[in-house]
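Participant: My questions concern the predicted model and sequence given below.
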Amino acid sequence: VQLQASGGGVVRAGGSLRLSCVASGSIFSIRSMGLGWYRQAPGKQRELVALITSYGSANYADAVKGRFTISRDNAENTVFLQMNSLSPEDTAVYYCNAITSAGNQWWGQGTQVTVSS
């Protein structure tokens, strides 16, 4: 499975960005996988931002609830992260992730999000 993330950039506080991650490889297995977004800020550990199951059920980190929305388009093998009301604390490299029910997982290359105050 290969994951290609895009959509990062520089935005002012209060602004919005939409991240995309296209999956390729074993298409049928991707559709049965959980997909997620993680982020890693400088000097900090990578942390979960949001997950969406193969059935479309979403979970969010407390820090982004109400501001971020994860969604997936199985026909396009893509997972999205709509980020609204961004703050400087959201500045990080964002990584997409695909995981199977057995715990096997793959990572995208990361996309930088920078929020200026």
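Facilitator: Right, received. Where do you want to start?

Participant: where's the residue nearest in space to the middle of the chain, which helix or strand?
Facilitator: The C-alpha lying nearest the average C-alpha coordinate of the chain belongs to W37 (Cα atoms, centre = their mean; 2.6 Å). In the assignment (DSSP states H and E), W37 maps to strand 34-40.

Participant: what's that strand in contact with?
Facilitator: With contacts defined as Cβ atoms under 8 Å, 6 or more residues apart in numbering, strand 34-40 is touched by 19, 21, 23, 46-54, 70, 72, 79, 81, 90, 92-100, 110, 113. Where C-beta positions appear, they are placed from N, C-alpha and C, glycine not excepted.

Participant: just the buried members of those?
Facilitator: 19, 21, 23, 49-53, 70, 72, 79, 81, 90, 92-99, 110, 113 (16 or more other Cβ atoms under 10 Å).

Participant: Which of the residues you listed fall within helices?
Facilitator: With DSSP state H as the criterion, helices contain none of the buried ones among the contacts of strand 34-40.

Participant: okay, now the closest residue to G108 other than its chain neighbours: neighbour count?
Facilitator: Distance criterion Cβ to Cβ, 6 or more residues apart in numbering; nearest residue to G108, sequence neighbours excluded, is L3 at 3.5 Å. L3: 22 surrounding residues under other Cβ atoms under 10 Å.

Participant: Before I go, just wanted to say thanks for your time.
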